[in-house]
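J.: Here is my input; please provide its structure:
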Amino acid sequence: MTGRVLAISLTIIFSILRVPHFGLGGVFVWGAFAAYFAVSLARLPFFVAVLLAAASMAMLGVVVEKLAFRRLRGAGEDAMFVSAIGVLIALENGALLLWGSETRSIPVPEALRGVVSFGGVLYLPAMRVLIFVVATVAFAALHVFVRWTRIGKAMRAVAQDPLAARALGVP
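T.: Residues are numbered from 1 along each chain as shown. Model (predicted):
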């Protein structure tokens, strides 16, 4: 399921910004470590740790965009591709150097360890149901944001034709 969320994220970023952000996998790795350390070391509750990890991934995403992609906006797709691969290599190797290669897991609350029954026909792990619900709500909210808000319309206009959007006053 997480792989699908990553794939959808890549698709959305590429369709709006025309950036093949393969470094997003590295951002996910750092978010996972943020959640792990928030639960293990800081002893924060699971859901607080997940929100902290999401916020840290968003901040890291902004930093990566400013450092690796913003200066290349006018450059070709080749330059963006090389930069994205460089981001992925840097983030994954940075995590490997800092935390090593051993597998770690985050202890989940008891409520998420069970199985959810759908009419006695379909049984799914509670964690997967939660991931599906959160991902669905997040993507629905993103769709509404991009489709119906002023900022979302401006983003789509710039993605389609930056020159025309600038001529119409979109920064």
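
J.: Name the residues of the helix or strand harbouring residue 137 that come out as buried.
T.: Per DSSP states H and E, residue 137 falls inside helix 126-148. Within helix 126-148, the residues scored as buried using 16 or more other CB atoms under 10 Å are 126-127, 129-131, 135, 146. Glycine gets a C-beta too; all of them are placed from N, C-alpha and C.

J.: which strands and helices sit next to the lowest-mean-pLDDT helix or strand in the chain?
T.: When the helices and strands of the chain are scored by mean pLDDT, DSSP states H and E, helix 2-17 comes last with a mean of 72. Helix 2-17 sits against helix 24-40, helix 126-148, helix 150-160, with contacts defined as 3 or more CB pairs under 8 Å, 6 or more residues apart in numbering; DSSP states H and E.

J.: And the closest residue to residue 146 other than its chain neighbours, what's its pLDDT?
T.: In space, and not counting its chain neighbours, residue 146 is closest to residue 152: 3.9 Å by CB to CB, 6 or more residues apart in numbering. The model reports residue 152 with a pLDDT of 87.

J.: Based on its surroundings, how many neighbours for residue 152?
T.: For residue 152, the count of nearby residues is 16 (other CB atoms under 10 Å).

J.: circling back: can the buried residues of helix 126-148 go into JSON lines with extra columns for pLDDT?
T.: What follows is these, written out as JSON lines (pLDDT from 0 to 100):
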{"residue": "126", "pLDDT": "91"}
{"residue": "127", "pLDDT": "88"}
{"residue": "129", "pLDDT": "90"}
{"residue": "130", "pLDDT": "88"}
{"residue": "131", "pLDDT": "84"}
{"residue": "135", "pLDDT": "83"}
{"residue": "146", "pLDDT": "86"}
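
J.: Show me which of those residues is closest to residue 20.
T.: Using CB to CB, residue 146 comes nearest to residue 20 of those, at 18.7 Å.

J.: The closest one and residue 6: what is the separation?
T.: 19 Å (CB to CB, to the nearest Å).

J.: now do residue 61
T.: Per CB to CB, residue 61 is found 13 Å from residue 6.

J.: So these two - more neighbours on which side?
T.: residue 61 (18 against 14).

J.: excluding its backbone neighbours, what's nearest that one?
T.: residue 27 (5.6 Å).

J.: Could you tell me what pLDDT the model assigned to the one you found?
T.: In this prediction residue 27 is given a pLDDT of 88.

J.: Contacts only, for it.
T.: Going by CB atoms under 8 Å, 6 or more residues apart in numbering, residue 27 touches 57, 60-61, 64, 91.
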